[in-house]
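>>> Structure of the sequence below:
(one chain, ligands or ions: 3)
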Amino acid sequence: MHFLACAQSWAVWLALLSAGALAVGSHDQRPFVSNRGSGGGAHKARVGVGYVGGLNPLSHQDYAPFTLAPFDAESFKPYGHLPSLTNDFTILQHPAFPKYSVRIKKSDFCDGTVAAYTGYIDIEARHLFFYFFESRSDPAKDDVIFWTNGGPGGSSTIGLFMELGPCRVVNATATEFSEESWNSNANIFFIDQPVGVGFSYAEYGEYVSTTEEAAKDIAAFVAIFFENFISLRGRAFHMAGESYGGRYVPLFASAVYDQNAKLVEAGLTPINLSSIMIGNGWTDQYVQSLAYYDMQCGGASFPPVFDISTCVRMKQAVPRCAKLLHASCMDVFDGVGCYEATAICELELQTPYMASDRNPYDMSKKCEGGTILEGSLCYSVIDSIEEYLAQPSLRAQLGVDPAITTNHTTRSEAVGARFAASLDVLRTSHDYVAALLERRVRVLIYAGAYDWICNWVGNERWTRALAWSGQAEFAGQQLRDWEVGGAVAGKTRSAQGFTFATIEGAGHMAPYDKPKESLELVNRWLAGEEL
Ligand SMILES: *[C@@H]1O[C@H](CO)[C@@H](O)[C@H](O)[C@H]1NC(C)=O
Ligand SMILES: *[C@@H]1O[C@H](CO)[C@@H](O)[C@H](O)[C@H]1NC(C)=O
Ligand SMILES: *[C@@H]1O[C@H](CO)[C@@H](O)[C@H](O)[C@H]1NC(C)=O
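Ligands and ions are numbered 1, 2, ... in the order given. Here you go, the predicted structure:
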């Protein structure tokens with residue numbers, strides 16, 4: 001059984017398939033598992049999977065940021081300005097966050113036209129790697145974007161080197177400049193989180209297994225970074241992500257927002273959280289998990305892909321699945337029951353598609369290199385990214401800690417298994433989106449229309465169903481076309497700071513397929529323009 005419908009770390013849910021087979025005996029899916037994941041993690045990960053969290057009727061956990069440490073304002077000297085950083089690490093700190101520090105260096109790679117920086121957020125034994133690129137336009141004034149990929153366990157290097165970064169990996173040793181990078185008009189971070197992903201690491205076996213825990217580290221990092229670079233203070237800030245980022249980003253942004261009250265109290269500048277952006281996200285999974293039917297049998301983007309017999313079975317499964325999810329995940333949150341309900345829904349509505357040779361991230365394509373259930377990544381470029389980041393000279397240039405003796409972890413099975421064991425993967429995040437909207441943080445939900453796994457139908461449905469003060473105006477609108485260069489780029493609706501948009505002809509990694517349209521979407525969004 002797997003939960004990570006929007007995962008970019010397929011091997012993670014391969015691990016869960018075998019673990020789930022123990023939990024839900026009558027739905028043994030092991031025949032699909034080929035255990036091709038790196039290092040045989042599918043079996044190792046099984047150990048970590050259980051029902052930690054168990055019964056939690058409120059389905060609510062606490063991401064509340066740490067209380068800031070009392071400090072003497074005189075004792076803090078901000079670092080100053082980004083361009084003064086050198087090729088050696090500089091350590092940034094803030095006395096309000098005594099357990100945290102940031103290592104940062106100039107790295108001069110990937111873009112070539114602007115400064116690039118890399119480093120670590122050090123939280124006692126946890127170390128999160130990040131990439132930071134200045135804007136190609138006006139770095140001293142442009143907004144700042146924070147980007148994370150999903151998984152859980154997926155590295156943001158997929159976003160950086162395949163989708164929206166300043167360069168794209170072409171093979172094991174080379175990248176090419178990307179004209180349509182999202183740093184065209186914004187400074188941008190790519191962060192590998194939680195520990196265990198990318199070049200992020202931990203000592204003493206430390207790990208993070210929920211989004212709430214991860215959110216605290218992110219909020220503290222953002223505060224330390226913005227406090228140290230004077231010209232960044234008060235700069236408009238946008239938190240963005242994809243796939244499981246549909247859970248990460250609403251919680252990360254909420255932690256940043258709530259932390260602001262504490263920053264103000266301590267006399268610090270609050271983070272100017274302007275918006276969140278989620279691409280092909282997994283946010284309200286109990287709505288989204290029913291939408292597979294519409295994609296594969298309901299003609300939502302393509303004609304039905306299964307025979308009538310299969311589609312009829314799926315159609316009949318939809319209301320039953322809805323009822324099961326309601327009873328065990330929504331009316332109350334019963335960890336065991338919700339886990340099982342999700343397993344049954346997946347078996348009925350997802351497994352047939354994933355066992356086929358179709359690409360779950362793009363219905364117009366075949367999955368390269370076998371089916372996703374066999375552990376294929378479907379895109380060979382992701383393998384190239386891993387090879388590219390294996391180069392010792394590049395790792396030295398980036399400042400990858402010598403403590404990391406393994407290859408870059410483009411997808412971590414262990415992280416995915418931990419998030420499953422903590423039941424993080426069963427929790428919804430849409431209420432955080434509503435809460436941000438009520439506080440005038442703008443929200444952009446976009447979806448490549450060819451994606452199956454976190455498809456536009458499910459995203460459109462939950463955005464319309466979302467309860468907030470602007471719901472009637474938002475949900476009451478017809479979808480309209482939006483255009484780039486006179487051609488239809490997708491459909492959209494928008495009200496009171498909440499925008500939903502599709503990108504036609506794009507899959508899950510929308511900027512990979514439609515870089516021009518995706519950049520235009522983001523540029524208009526940053527500028528506060530209508531699409
Ligand atoms: C990688 O791509 C670069 C640029 O296209 C090319 O010069 C180089 O030969 C390629 N290397 C390999 C190993 O294919
Ligand atoms: C926050 O950013 C917005 C742009 O999104 C800008 O208009 C506003 O002045 C900024 N606020 C502060 C306090 O700097
Ligand atoms: C690390 O990556 C390189 C290049 O992809 C590969 O040849 C090597 O086998 C990998 N090492 C391990 C330990 O996985």
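>>> Helix or strand: which one has the residue in the stretch 201-350 of the chain positioned nearest to ligand 1?
Nearest residue of the stretch 201-350 of the chain to ligand 1, counting by C-beta to the nearest ligand atom: Glu242, 26.4 Å away. All C-beta spots, glycine's among them, are computed from the backbone N, C-alpha and C. Counting by DSSP states H and E, the element that carries Glu242 is strand 236-243.
>>> Need the CA coordinates for that strand. CSV is fine.
C-alpha atoms of strand 236-243 as CSV (Å, rounded to 0.1, in the frame of the first residue of the first chain):
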residue,chain,number,x,y,z
ALA,A,236,7.9,40.3,-0.3
PHE,A,237,8.2,36.6,0.3
HIS,A,238,6.5,33.8,-1.5
MET,A,239,6.5,30.1,-0.4
ALA,A,240,6.1,27.7,-3.2
GLY,A,241,6.2,24.0,-3.8
GLU,A,242,4.9,21.1,-5.8
SER,A,243,3.2,17.7,-5.2
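>>> near ligand 2, anything from the next helix or strand after it?
Counting by DSSP H and E, the next helix or strand C-terminal to strand 236-243 is helix 245-265. No: on the criterion C-beta under 6 Å from any ligand atom, helix 245-265 is out of touch with ligand 2, staying 10.9 Å away.
>>> Would you mind getting the angle between helix 245-265 and strand 236-243?
150 degrees (axes from the mean of the first three to the mean of the last three C-alpha atoms, to 10 degrees).
>>> Now do helix 245-265: distance to the chain's middle.
Centre-to-centre, helix 245-265 and its host chain are 15 Å apart (C-alpha atoms, centre = their mean, to the nearest Å).
>>> For it, name the packing helices and strands.
Taking 3 or more C-beta pairs under 8 Å, 6 or more residues apart in numbering; DSSP states H and E as contact, the helices and strands that helix 245-265 lies on are strand 143-148, helix 211-228, strand 236-243, strand 272-281, helix 430-438.
>>> That helix vs helix 430-438, what angle?
50 degrees.
>>> buried set for helix 245-265?
Residues of helix 245-265 classed as buried: 245-260, 262-263 (neighbour count, 16 or more other C-beta atoms under 10 Å).
>>> just stretch 207-222 next, same as before
Going by neighbour count (16+ other C-beta under 10 Å), the buried part of stretch 207-222 is 208-222.
>>> what does it rub up against?
61-63, 65-66, 97, 100, 102, 121, 123, 126, 128, 130, 146, 152, 191, 193-196, 237, 247-248, 251-252, 254-256, 259, 271, 414-415, 418-419, 421-422, 424, 427, 429 (C-beta atoms under 8 Å, 6 or more residues apart in numbering).
>>> any idea how far Glu124 lies from Tyr353?
Glu124 sits 43 Å away from Tyr353, taking C-beta to C-beta, to the nearest Å as the criterion.
>>> possible to save the helices and strands packed on helix 245-265 as JSON lines with mean pLDDT?
Shown next, in JSON lines, are the helices and strands packed on helix 245-265 (pLDDT from 0 to 100):
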{"stretch": "strand 143-148", "mean pLDDT": "98"}
{"stretch": "helix 211-228", "mean pLDDT": "91"}
{"stretch": "strand 236-243", "mean pLDDT": "97"}
{"stretch": "strand 272-281", "mean pLDDT": "98"}
{"stretch": "helix 430-438", "mean pLDDT": "98"}
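>>> Can you say which of the ones you listed is nearest to Pro70?
Closest to Pro70 of the helices and strands packed on helix 245-265, according to C-beta to C-beta: helix 211-228, at 15.5 Å.
>>> what angle do that closest one and helix 430-438 make?
Using the same axes, to 10 degrees: helix 211-228 against helix 430-438 is 30 degrees.
>>> Surely Asn407 touches Ala390?
Yes: contact between Asn407 and Ala390 holds when scored by C-beta atoms under 8 Å: they sit 5.4 Å apart.
>>> Span of stretch 134-144 from start to end?
9 Å (C-alpha to C-alpha, to the nearest Å).
>>> and what of stretch 371-380?
Terminal-residue distance, stretch 371-380 (C-alpha to C-alpha): 13 Å.
>>> What of stretch 419-432?
End-to-end distance (C-alpha to C-alpha), stretch 419-432: 19 Å.
>>> Stretch 521-531 too?
Distance across stretch 521-531, first residue to last, is 7 Å (C-alpha to C-alpha).
>>> Please apply the same query to stretch 177-184.
12 Å.
>>> mind listing what's buried in it?
Neighbour-count burial for stretch 177-184 [16+ other C-beta under 10 Å]: 178, 180-184.
>>> so who does the residue sitting nearest the centre point of the chain touch?
Geometric centre of the chain, nearest residue: Gly245, 2.3 Å, by C-alpha atoms, centre = their mean. By C-beta under 8 Å, 6+ apart, the contact set of Gly245 is 148-150, 278-279, 281.
>>> Leaving out sequence neighbours, find the closest residue to it.
Nearest residue to Gly245, sequence neighbours excluded (C-beta to C-beta, 6 or more residues apart in numbering): Gly150, at 4.8 Å.
>>> and the one you found, how far is that from ligand 1?
28 Å (C-beta to the nearest ligand atom, to the nearest Å).
>>> quick one: which helix or strand includes that residue?
Applying DSSP H and E, one finds Gly150 in no helix or strand.
>>> on that earlier part again, just the buried subset of the contacts of stretch 207-222, please.
61, 63, 65-66, 97, 100, 102, 121, 123, 126, 128, 130, 146, 152, 191, 193-196, 237, 247-248, 251-252, 254-256, 259, 271, 414-415, 418-419, 421-422, 424, 427, 429.
>>> out of Glu124 and Tyr353, which sits in the busier spot?
Remark: of Glu124 and Tyr353, Tyr353 carries more neighbours, 24 against 12, as counted by other C-beta atoms under 10 Å.
>>> Wait, a helix at that one?
Yes: residue state for Tyr353 (DSSP: H, G, I helix; E, B strand; the rest coil) corresponds to a helix.
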